[in-house]
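Engineer: Generate coordinates for the sequence data below:
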Amino acid sequence: MHHDTPGHETLWKLIKDIRFGMLTHRTSTGMLHAHPLTTQNREFDEHGELYFFIPKSGELYERLLTDGEVNVSYANPDDDSYVSLSGQARAVDDHAQKQALWSPMAQAWFPGGVSDPNLALLAVRIRHAEYWDVDESKMVQLFKMAKAAITGEPPRSLGEHKELTLY
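Structural biologist: I've put the predicted structure just below:
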């Protein structure tokens, strides 16, 4: 991943402070199912991956071993920013990486600590990202939407919308 591009910097800026991402995957019947997960990264890594701790004993872990195509979405309605990431998920068996990402919050879910046998580290390599980021105040947004309703023309310039292909 190229960290020096403005799009990548904006992408990380938008998600770094959002506590939970919704990870969506396909079930064995093909239905989509989402799980709220805590992003463990403190920054984007050099491979363009996001990391999550999940239990090995759960349906999510088993399902992702079979089909790792996922979407992770983030929303911060207070700041009017929204991010959708598509990629490939895989389990990473790396004790040092688990240790580096470990936090007190993870301890609450995995009382055995970083060596808990039920602890799995899930890496999602981002392939495609899309984000919407509105910098204008709510008042300006409401004015533009009201104007659009009166004129019949869609509102313009309600923020930045961008798509990125990472891998």
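Engineer: where's the residue nearest in space to the middle of the chain relative to Pro104, distance?
Structural biologist: Residue closest to the average C-alpha location in the chain (C-alpha atoms, centre = their mean): Val72, at 4.1 Å. With distances taken as C-beta to C-beta, to the nearest Å, Val72 is found 23 Å from Pro104. No exception for glycine: its C-beta is placed from N, CA and C like everyone else's.
Engineer: For Arg26, grab the count of nearby residues.
Structural biologist: Using other C-beta atoms under 10 Å, Arg26 has 15 neighbouring residues.
Engineer: cool, the one 5 residues further on as well?
Structural biologist: Here the number of neighbours of Met31 (other C-beta under 10 Å) works out to 8.
Engineer: Which pLDDT value goes with the residue nearest to the centre of the chain?
Structural biologist: pLDDT for Val72: 97.
Engineer: cool, and the one 4 residues further on?
Structural biologist: In this model, Asn76 is scored at 92, pLDDT.
Engineer: contacting residues around the residue nearest to it when sequence neighbours are not counted?
Structural biologist: Spatial nearest neighbour of Asn76, chain neighbours left out: Ile18 (5.5 Å); criterion: C-beta to C-beta, 6 or more residues apart in numbering. Residues near Ile18 by C-beta atoms under 8 Å, 6 or more residues apart in numbering: 39, 74-76.
Engineer: Using JSON lines, lay out these together with neighbour count, secondary structure and distance to Val124.
Structural biologist: Putting those into JSON lines (neighbours: other C-beta atoms under 10 Å; DSSP: H, G, I helix; E, B strand; the rest coil; distance: C-beta to C-beta, whole Å) gives the following:
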{"residue": "Thr39", "neighbour count": "20", "secondary structure": "coil", "distance to Val124": "9"}
{"residue": "Tyr74", "neighbour count": "22", "secondary structure": "strand", "distance to Val124": "12"}
{"residue": "Ala75", "neighbour count": "18", "secondary structure": "strand", "distance to Val124": "17"}
{"residue": "Asn76", "neighbour count": "15", "secondary structure": "strand", "distance to Val124": "19"}
